[in-house]
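# pasting the sequence and the predicted coordinates here, then a few questions.
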Amino acid sequence: MMTMATAMGISACGVSLQWTNPNSYSSGKGCKYAGQSVRALPIRTLTVGKKRLPGVQLLVDEYIAKLKSYCHVDDVQIRSNPKNARNVMAQVHDEDIAVINVITSNDWVVMLDERGLDLSSEQLAELLGDAGNTAASRLSFCIGGPYGHGQRVRKRANVSIKLSSMVLNHQIALVVLMEQIYRSWTILKGQKYHH
Ligand SMILES: C[S@@+](CC[C@H](N)C(=O)[O-])C[C@H]1O[C@@H](n2cnc3c(N)ncnc32)[C@H](O)[C@@H]1O
């Protein structure tokens, strides 16, 4: 029988394989880890973009503070178009390199993309729990720039997920992601926030 680790494409010695079997997640309501002890991998959000709106930063900081009792969260901003490229392909390429340069072999990488896998909140909670069962030392969520992710990040990502079928501004995507990570932890802990 396929174990969750196999389904996620995770070998016992590393975290670099692709996640291939989304159907292995619980469907609908319920999370297999609810109320169980889960290893809290430190989380890092890598967001390509220019300066943030103050309101967005307030919300992000609020969720990071709320998450403190569950796991450590680092919010890393990566400058959009670092070399001021004049065409879209060059911009995506430069942003791709800037992101891949801060990802290490010990990261379990979740790429945010409007064409990604459609997960429920319970399934995202399971993803967090499963990532904690791997050899990874960090869970990195990548939010792309104005034209999305480049090939290097796409290839490196262990999984690509969507937050909605609609395209979101990267700042809004980060706020939604933060709330969903918070929600996931309350699901993992069996707490009341999620109904
Ligand atoms: C303005 S969007 C880029 C849209 C671009 N058309 C593309 O192909 O990715 C900037 C980033 O926000 C994130 N994002 C936007 N909408 C999203 C959604 N519905 N689900 C997940 N991530 C999303 C993605 O990481 C995306 O790279």
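That came through, no problem.

# who are the contact partners of the spatially most central residue of the chain?
Among the residues of the chain, the one closest to the centroid is Phe141, at 2.8 Å (Cα atoms, centre = their mean). Residues near Phe141 by Cβ atoms under 8 Å, 6 or more residues apart in numbering: Ile43, Arg44, Thr45, Leu46, Val110, Leu112, Leu177, Ile181. The C-beta positions use only the backbone N, C-alpha and C, and glycine is treated the same way.

# and if we set it to 6 Å?
Contact analysis of Phe141 by Cβ atoms under 6 Å, 6 or more residues apart in numbering lists Thr45, Val110.

# which SSE is it in?
Phe141 is part of strand 138-143 when elements are defined by DSSP states H and E.

# and if you look at Gln123?
helix 121-132.

# could you give the separation of the strand holding Phe141 from the chain centroid?
Relative to the chain's own centre, strand 138-143 is displaced by 4 Å; criterion: Cα atoms, centre = their mean, to the nearest Å.

# cool, stretch 126-142 as well?
Computed by Cα atoms, centre = their mean, the separation of stretch 126-142 from the middle of its chain amounts to 9 Å.

# equivalent analysis for stretch 34-46, please.
Counting by Cα atoms, centre = their mean, stretch 34-46 comes out at 11 Å from the chain centroid.

# mind listing what's buried along that stretch?
Neighbour-count burial for stretch 34-46, with 16 or more other Cβ atoms under 10 Å as criterion, is recorded at Ala34, Val38, Ala40, Leu41, Ile43, Arg44, Thr45, Leu46.
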